[in-house]
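S.K.: everything below, folded, please.
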Amino acid sequence: MANLRDLRNRITSIKNTKQITNAMKMVSASRLRKAQDTVVRARPYSDYVDLMLRILQKKNVTNPHPMLISPNKDGRILLIVVTGDRGLCGSFNSTIIRYANQYIRENSQVDLVCIGRKAYDTYKKRSNLKIVAHFGSITEIKDISDLKQIRNEVINLFFSMEYQKVDVIYNEFKSAIQQNLTCKQIMPIIPTESDEVSTIDFLYEPNETEIIEELGTRYVSVELWRILLESNAAEQGSRMTAMDNATNNATDLIEQLSLLYNRERQAQITTEIIEVASGAEAIQQ
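M.R.: Numbering: from 1, shown residues only. The predicted structure is shown next:
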């Protein structure tokens with residue numbers, strides 16, 4: 001009897017878990033749709049800013065601006081690691097941490113900026129690493145203007161001449177079941193190579209340096225904004241997939257336990273019938 005009671009308790013517990021995972025899947029699916037729309041809207045603006053910087057990079061050859069100078073091999077690196085604040089999203093956070101660990105092993109002089117609690121909780125325990133800044137959940141960032149603090153921190157650190165370049169490790173969103181682990185350099189700015197860049201000479205107002213600085217600042221803001229949007233969409237897709245798998249596994253486990261419960265119950269009933277029949281037969285004899 002105790003065995004049947006244990007099975008009933010397990011089935012009830014798994015059914016409750018299934019309700020939770022199914023609800024989390026639905027919430028993540030809703031958030032994913034919104035995140036996808038935001039990512040799609042943000043990409044064209046990012047592409048046009050990149051095009052303008054490609055033009056300025058080709059023109060800015062006599063006196064190269066620090067924002068457009070290719071990094072040297074020597075010097076420290078500022079690494080921005082973008083993770084989520086919560087788990088239950090499959091391997092979303094763990095793959096980023098593993099990739100960041102490999103990056104740190106290959107580059108000895110690395111300081112960190114952590115965006116998201118998972119990265120901060122992982123690296124704050126390592127005394128050999130310096131975390132120069134930490135920012136909270138990316139879901140709290142509702143608009144590009146909310147990135148002002150992060151952008152200013154990154155630009156100020158770069159222009160302090162302490163770092164030769166700034167790299168970002170994040171998950172780029174492709175679909176609900178596919179994310180690309182990406183490491184991208186955002187400073188110094190290296191626009192995408194293209195043969196479509198115009199060779200026409202331009203007149204700059206107020207001047208070329210100010211335009212590069214203003215456009216470069218916008219570029220860093222847009223890139224960080226796009227990266228965080230991509231990461232948020234990838235996290236929601238990963239969580240939706242993980243919760244869908246968990247719900248399906250719970251369904252399968254409930255079916256297996258229910259079958260086992262019915263077998264045990266049938267065996268117990270059969271045993272009781274045999275005992276009653278045997279007792280009756282013994283009395284008759």
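S.K.: how far is the lengthiest strand in the chain from where the chain is centred?
M.R.: Within the chain, and with DSSP state E defining each element, the longest strand by residue count is strand 163-175. On the basis of CA atoms, centre = their mean, to the nearest Å, strand 163-175 is displaced by 11 Å from the centre of the chain it belongs to.
S.K.: which parts of that strand are buried?
M.R.: By 16 or more other CB atoms under 10 Å, the buried positions in strand 163-175 come out as Tyr163, Gln164, Lys165, Val166, Asp167, Val168, Ile169, Tyr170, Asn171, Glu172, Phe173. To be clear about C-beta, it is placed using only N, CA and C from the backbone, and glycine gets the same treatment.
S.K.: next, Arg126: secondary structure please.
M.R.: Reducing the assignment at Arg126 to three states with DSSP: H, G, I helix; E, B strand; the rest coil gives coil.
S.K.: which residues touch it?
M.R.: Residues near Arg126 by CB atoms under 8 Å, 6 or more residues apart in numbering: none.
S.K.: okay, strands next: where are they in this structure?
M.R.: Per DSSP E, the chain carries strands over the ranges 76-82, 110-115, 130-135, 163-175, 178-187.
S.K.: quick one: strands adjacent to the fourth one?
M.R.: To tie it back to what came earlier, the one meant is strand 163-175. strand 76-82 (parallel), strand 178-187 (antiparallel) (DSSP bridges).
S.K.: most tightly surrounded among those strands?
M.R.: strand 76-82 (a mean of 23; mean count of other CB atoms under 10 Å).
S.K.: any idea of the mean pLDDT for it?
M.R.: Mean pLDDT, computed over strand 76-82, is 92.
S.K.: ok, stretch 179-191 next?
M.R.: Averaged across stretch 179-191, pLDDT comes to 85.
S.K.: turn the strands of the chain into JSON lines, including distance to Asn93.
M.R.: Below are those laid out as JSON lines (distance: least, CB to CB, whole Å):
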{"stretch": "strand 76-82", "distance to Asn93": "10"}
{"stretch": "strand 110-115", "distance to Asn93": "12"}
{"stretch": "strand 130-135", "distance to Asn93": "15"}
{"stretch": "strand 163-175", "distance to Asn93": "9"}
{"stretch": "strand 178-187", "distance to Asn93": "11"}
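S.K.: so what's Ile20 scoring on pLDDT?
M.R.: The predicted local distance difference test score for Ile20 is 93.
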